[in-house]
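# sequence below, structure please.
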Amino acid sequence: MTTGPLRKIVIVGGGSAGWMAAAAAATTLRGREVTVVESEEIGIIGVGEAAFPSIRAFNQLLRIGEADFLRATRGSYKLGIHFADWQRPGQGYFHTFGEFFPLEGSMSVWGQYRRHAEALGCDMGELNMATLMAMQGRFAVPQVPNGQEAPFNYAYHFDAQLYAAYLRRLAEQRGARRVEGRIVDVQRRPDGGVAQLRLADGRTVDGDFFFDCSGFASLLTGKTLGVPFVDESHWLPVDRAWAVPVKRQDGPLLPYTRSTALEAGWSWRIPLQDRTGYGHVFSSRFIDEERAREQLLAQLDGEPLAEPRLLRFTTGYRQTHWLHNVAAVGLAGGFLEPLESTAIYLVQATLARVMPLLDQSAPPTAEALEAFNNTQLRQYQRIRDFIVLHYCLSERRDSEFWRAMTSMPLPDSLAYKIRAWRELGILQVFDNEGFDANSWLSIHAGMGHWPEHTSPWLDEVPPAFALDYLKHRRAAIADVVQRIPAHGDFLRRVTG
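Here you go, the predicted model:
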């Protein structure tokens, strides 16, 4: 067992997760030997084309410029997600990365909006700059004076395989080494950890620490170390996805993902510079694969560039994410259905916790590993709750799937949050959520799920004053947004 610094870092698997780990290790862990073991015989999932704002901080950590990233990945900007037909057919709303500040107090935006919505005569999204930008297909990077917070955040749509290739070049430039080969055996240490990998051609790769980025196979964490998998499909039963790239049509390049509720799941639409990604996420318990494929093809707005690919998965996560000298990253550690684009976020959040523990003079203590694993589990469970929220608030009862999703018992943690909101108007947000109170409010409001009682302090504000405040806010946001360029124009300006 290693007692000094963990010098030899081995990453099992490439793809986005593997090369994110390699680039992060090569950039932040000075004086370490970083090796990626990757086999071209093993396919890459590579359909995740929408991200969470965390990707911007991750790229900045790696010293990746935004324009360079967008050019390399054929990317576009993402302000959030438009949910179509989720509350009921014909109804839609936005979940953007914008602020509804203030959320509390007598001048709470949502609270005063609820008092005066009829007189104001607009959707609550018009009181949020990012939402109004998305509604109008506009985008610009927020410009704010020093010391002030931006009124919105943003992320990207991009080609995940091009991102992996970009990160590979960056990691190799910074000293990472790639070994091509298929792993056929894993040698264990006396303490139960991993000592060495044996490849099909007889070569061996040894290491002090291993990142398991082997995807759903979970070669080290699941198969070798036997870490149990926590199956969450009783709450999130979608287990299949058809995915297909489509030739981009003329017209506005929209700065948001679209999610459309369907008979037994939902479809995604993700706009890139040169194509549009489409997919249909569904539950095989409620619809057969061929019918789901037909429903996907009916959604397309252009010519398919390939045959649809079928992916199979189970929503859930490993009970332990770091055991002995192995840390699971990405799909090897778990997968929460892609409704809110959290897959890449969870990779980056995991790496952000792992790297400081590796950048020490000795391996982390048992207490540090326990804290790490507890944090990982909390984050998966709290993101699970946020995703379940989208389903359980729906008013749809038009298929067996939706009747099941809207009548099932909820996780206690989510049931508590819903009760706190419904009864008292409290947006209960804890640590390691992934999504802040603005996001929870977006889903509640978008689904027409409002508190039964609101704060009596709202009534302290004279009605005329509150209405004038809301009108002024709406007008000010509208004035700013109408001067912001179309998303496509801004993107072309940035990428040259």
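# check the offset of the longest helix anywhere in the chain from the chain's centre.
Secondary structure of the chain per DSSP state H: the longest helix is helix 366-392. A distance of 14 Å separates the centroid of the chain from that of helix 366-392, by C-alpha atoms, centre = their mean, to the nearest Å.
# domain-wise, how is the chain divided?
Under the assignment named as automatic domain parsing, the residue ranges that make up the domains of the chain are 8-49+159-228+315-364, 100-150+383-481.
# my guess is residue 230 contacts residue 316. True?
Yes - with contacts defined as C-beta atoms under 8 Å, residue 230 counts as touching residue 316 at a distance of 5.0 Å. Using the backbone N, CA and C atoms, a C-beta is placed for each residue, glycine as well.
# more crowded one of those two?
Remark: of residue 230 and residue 316, residue 316 carries more neighbours, 20 against 15, as counted by other C-beta atoms under 10 Å.
# contact partners for that one?
Shown here is residue 316, whose contacts under the criterion C-beta atoms under 8 Å, 6 or more residues apart in numbering are 229, 230, 231, 232, 233, 334, 335.
# ditto for residue 116
Contacts of residue 116 were listed using C-beta under 8 Å, 6+ apart, and they are 463, 466, 467, 470.
# and of these, the nearest to residue 385?
Nearest to residue 385 among those is residue 470, at 30.6 Å by C-beta to C-beta.
# returning to what we had before: what about the contacts of residue 116, which are in helices?
Here DSSP H is the test, and those give 463, 466, 467, 470 as lying in helices.
# separation between the last one and residue 105?
Yep, that's residue 470 we're talking about. Spatial separation of residue 470 from residue 105 under the definition C-beta to C-beta, to the nearest Å is 15 Å.
# how about low-confidence regions in the stretch 151-300 of the chain?
Low-confidence regions of the stretch 151-300 of the chain, defined by pLDDT under 70, are absent; no residue qualifies.
# so which residues of it form helices?
160-173, 289-299 (DSSP state H, counting those that start in this stretch).
# what's downstream of the shortest one, the next helix or strand?
This means helix 289-299. Remark: after helix 289-299, the chain's next helix or strand is strand 309-312, criterion DSSP states H and E.
# quick one: contacts of that following strand?
Applying C-beta under 8 Å, 6+ apart, the external contacts of strand 309-312 come out as 45, 47, 239, 240, 241, 242, 243, 244, 289, 293.
# of the residues you listed, which is the nearest to residue 452?
Using C-beta to C-beta, residue 239 is the member of these that sits closest to residue 452, with 35.4 Å.
# tell me, how many residues neighbour that closest one?
When neighbours are counted by other C-beta under 10 Å, residue 239 comes out with 18.
# same question for residue 381.
17.
# show me the contacts for the nearest residue to it once chain neighbours are set aside.
Spatial nearest neighbour of residue 381, chain neighbours left out: residue 413 (6.7 Å); criterion: C-beta to C-beta, 6 or more residues apart in numbering. With C-beta under 8 Å, 6+ apart as the criterion, the residues that contact residue 413 are 381, 382, 385.
# could these be laid out in CSV, adding pLDDT and distance to residue 126?
Listed next are the contacts of residue 413 as CSV, based on pLDDT from 0 to 100; distance: C-beta to C-beta, whole Å:
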residue, pLDDT, distance to residue 126
381, 97, 34
382, 97, 29
385, 98, 28
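# need the residues you listed in TSV (columns: distance to residue 210).
As requested, the contacts of residue 413 are arranged in TSV below (distance: C-beta to C-beta, whole Å):
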residue	distance to residue 210
381	25
382	27
385	31
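# coming back round to it: so which of the domains of the chain is the most surrounded?
Highest mean neighbour count of the domains of the chain: domain 8-49+159-228+315-364, a mean of 20 (counted as mean count of other C-beta atoms under 10 Å).
# next, the distance between the ends of that one.
Its first and final residues considered, domain 8-49+159-228+315-364 spans 15 Å by C-alpha to C-alpha, to the nearest Å.
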